[in-house]
Structures are given as C-alpha cells and as structure tokens.
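J.: Sequence and predicted model, in that order:
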Amino acid sequence: MFKKLLMAVVTLVVSMGFAFAGVDVNKGDQAALDGVKGIGPATSKAILEERSKGGNFKDWADFEARVKGIGDKSAAKLSEAGLTVNGQSKSGVATKATAKAPEKTEASAKVDSKPAVKTKAELKAEAKAKKEEKAAASAKAPATK
C-alpha cells in the first residue's frame, strides 16, 4: 500500500515538472506550443509556418520580426509563460520558474494572514485576549473617587 502511494506521489511530482517545463519555439510541435499560455492554435500555426519557411529563429528579435502578431509586449508575456528561443528566455523578463513572489507590504500581509472564516477556538482565544487586555488596562488605570 505504501509503495503504491509513494509511486503515485512521485508520478504526480514528475508530471508537474513536465507541465511547467519551458517550450523552445524552434523545437516545439503545435501541441507543445498550444500548451504555452498566450499561444492559441492560430499563433502556433503561424510560428510553425514561419519556422518551416525561414528556418529556426535566431533570437527573440528574429522571432518578433518574423511572426505576425508577436510584438515586444506579447513576446515578454510568452517568455514569462515559459517560451524560449534557442533555450533563452527574453532578456529582462523573469520566467515563472525564476520569478520571485512579490514582497508583501505590512498591510497586505495582515490581510493575507486572516482566514476567511474563523474557527470556534480562534474566536474563543480572541475573546479571552480582549478580556485580558481590558483587565490589564483597568488595573493600570488610577482609581478615581
């Protein structure tokens, strides 16, 4: 039983690795190109036709110049999604695999850390903490007569 479970986990991890692997524009077939976010059937067909007419793409500038509908902005988005030209991502663009998560500001960290629904235990703990705060505040306050 344990071996079957372990094999299932290993298979899942390996298949996830393939799902996020980059696709080289000079090596990918239509199905592989369609798998890149931002490339549909029409764009992948245009890429394959241009590649068969003019040979492999030399670099990103060559790719942008030869494929109709691919400009600097869309090339940057495709590079972020994992598309490469001769194994190189577009310069100045972080790919999904190398992109860092944006740093959270203090305000966004507070918003993200709150769960959508609080459990009974969390509600009880909050109520207890509020009671203790009130008790501490009243103990510190000078007595007035």
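T.: Perfect, thanks for sending it.
J.: got a list of contacts for stretch 42-60?
T.: 25-26, 29-30, 33-34, 39, 63, 66-70, 75, 79, 85-86, 88, 90-91 (Cβ atoms under 8 Å, 6 or more residues apart in numbering). Glycine gets a C-beta too; all of them are placed from N, C-alpha and C.
J.: Tell me the buried residues in it?
T.: 43, 44, 46, 47, 48, 50, 51, 57, 60 (16 or more other Cβ atoms under 10 Å).
J.: if I read this right, residue 38 contacts residue 78, doesn't it?
T.: Yes - Residue 38 is within contact range of residue 78, at 5.2 Å (criterion: Cβ atoms under 8 Å).
J.: Compare these two (neighbour count), which wins?
T.: Using other Cβ atoms under 10 Å as the criterion, residue 38 and residue 78 rank with residue 78 on top: 26 against 15.
J.: Just the element for the more buried one, please.
T.: According to DSSP states H and E, residue 78 maps onto helix 72-80.
J.: how's the chain carved up into domains?
T.: 7-84, 106-139 (automatic domain parsing).
J.: Dump those domains to a markdown table, plus mean pLDDT and distance to residue 1.
T.: Below are the domains of the chain laid out as a markdown table (pLDDT from 0 to 100; distance: least, Cβ to Cβ, whole Å):
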| stretch | mean pLDDT | distance to residue 1 |
| --- | --- | --- |
| domain 7-84 | 85 | 11 |
| domain 106-139 | 73 | 32 |
